[in-house]
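Novice: 3D model of this:
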Amino acid sequence: MGDRCSWCGEDPLYVAYHDTEWGVPEYDGRALWEKLILDGFQAGLSWITILRKRDNFRTAFAGFRPEVIADWGEDEVAWLLADEGIIRHRGKIEATIGNARAYLDMGGAAAFSERMWSYVDGAPLVNRFASQAEIPASTPLSTQLSKDLKAAGFKFCGPTIVYAWMQACGLVNDHVLGCPARRV
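Specialist: Numbers count the residues shown, from 1 in each chain. This next block holds a predicted model:
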């Protein structure tokens, strides 16, 4: 066994996330959408901040059920802006509501999953990076996927956010060589 990816440090919550969740292929469309929303909330922050608040986000955003969130308006935005358990950023909250609508316009869970996985032909892209320093912040593929999501009405889904999401959801395997969580 080699060394774990360095980005998770020693925090037990972060290590558990790295070891059991990050990079594991996620095919459930609703779960993919939730992770994309959370990666959007991460913009400008560290992932551990979002991870520590993830349960609060799930409560505040009705279990990340797009069919519920899509009907929200200013009353819900105001309520969420007052919720100290989440990141209170109007633009990100409003984007989540709009992203729920865009997700539903795409056809929901199965269609979203199929469309996202089509970018990698249905199987994770496996990279062979020896160190964290080699891993890019974005790629031409994440740039294209970002453009396509934006064209479909999504917000807070730039190329860097999309690449982080692709890594988290296992569309891309960027566990460094030797990492015990690499699995390939």
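Novice: In the chain, where is pLDDT below threshold?
Specialist: 1-2, 184 (pLDDT under 70).
Novice: and the gap between the residue lying closest to L171 once chain neighbours are set aside and A168?
Specialist: Excluding the flanking residues, the one nearest L171 by CB to CB, 6 or more residues apart in numbering is V120, at 5.1 Å. Just so you know, the C-beta spots here come from the backbone N, C-alpha and C atoms, and that holds for glycine as well. Distance of V120 to A168, computed by CB to CB, to the nearest Å: 14 Å.
Novice: out of those two, which sits in the busier spot?
Specialist: A168 (23 against 16; other CB atoms under 10 Å).
Novice: re the thing from before, my guess is the residue nearest to L171 contacts V172. True?
Specialist: Yes: the pair V120 / V172 is scored as a contact, 7.3 Å apart, by CB atoms under 8 Å.
Novice: got the CA positions of the longest helix belonging to the chain in PDB?
Specialist: As assigned by DSSP state H, the longest helix anywhere in the chain is helix 90-106. Presented in PDB, the C-alpha positions along helix 90-106 are these (Å, rounded to 0.1, in the frame of the first residue of the first chain):
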ATOM      1  CA  ARG A  90     -27.700  34.400  -2.400                       C
ATOM      2  CA  GLY A  91     -26.200  33.700  -5.800                       C
ATOM      3  CA  LYS A  92     -25.400  30.100  -4.900                       C
ATOM      4  CA  ILE A  93     -28.800  29.500  -3.400                       C
ATOM      5  CA  GLU A  94     -30.600  31.000  -6.400                       C
ATOM      6  CA  ALA A  95     -28.400  29.000  -8.700                       C
ATOM      7  CA  THR A  96     -29.500  25.800  -6.800                       C
ATOM      8  CA  ILE A  97     -33.100  26.600  -7.500                       C
ATOM      9  CA  GLY A  98     -32.400  27.300 -11.200                       C
ATOM     10  CA  ASN A  99     -30.200  24.200 -11.400                       C
ATOM     11  CA  ALA A 100     -33.100  22.100 -10.100                       C
ATOM     12  CA  ARG A 101     -35.200  23.400 -12.900                       C
ATOM     13  CA  ALA A 102     -32.500  22.700 -15.500                       C
ATOM     14  CA  TYR A 103     -32.000  19.200 -14.100                       C
ATOM     15  CA  LEU A 104     -35.800  18.500 -14.500                       C
ATOM     16  CA  ASP A 105     -35.700  20.100 -18.000                       C
ATOM     17  CA  MET A 106     -33.000  17.500 -18.800                       C
END
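Novice: Give the next helix or strand downstream of that helix.
Specialist: helix 109-118 (DSSP states H and E).
Novice: angle of that next one against helix 90-106?
Specialist: 100 degrees (axes from the mean of the first three to the mean of the last three CA atoms, to 10 degrees).
Novice: that older thread, which residues are common contacts for V120 and V172?
Specialist: M166 (CB atoms under 8 Å, 6 or more residues apart in numbering).
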